[in-house]
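Enquirer: Structure here, sequence nowhere to be found:
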């Protein structure tokens, strides 16, 4: 158990930040968004899902690649783990009175996960050469 915690510590840190961030009231992000038109675009809800789950999948894939010899199957497993975490956060938000869940959020999570894994795969392939 200690080995698993040590090998994936950055993934756990990112996961905790995601959980904390998606636990905040949506009004907190709205205040920041409304202060600047560029921030309004950058911090749009779909893009937040894309960034956060893309980064989570990248970190998870990167850390798991140091432990396992990565094949196509391993990348699929990492994608499923990242998606399961995204679904967990969406279900968790159903329990919060000031948050909501939307199917669109899960779709943007999936797109972010695919992009994050693609970038991780590309970086790992580039490093091998």
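Expert: Done, it's in. The structure displayed is predicted, hence computed values, not measured ones.

Enquirer: Where does the prediction get shaky in the chain?
Expert: 1-6, 26-29, 31-33, 36, 40, 68 (pLDDT under 70).

Enquirer: Please enumerate the strands of it.
Expert: Taking DSSP state E, the chain contains no strands at all.

Enquirer: And the helices in this protein?
Expert: 2-7, 9-21, 26-34, 37-42, 45-65, 72-94, 103-128 (DSSP state H).

Enquirer: most packed of the ones you listed?
Expert: helix 45-65 (a mean of 21; mean count of other Cβ atoms under 10 Å). (Each C-beta comes from the backbone N, C-alpha and C, glycine too.)

Enquirer: Show me what that helix is packed up against.
Expert: helix 9-21, helix 72-94, helix 103-128 (3 or more Cβ pairs under 8 Å, 6 or more residues apart in numbering; DSSP states H and E).
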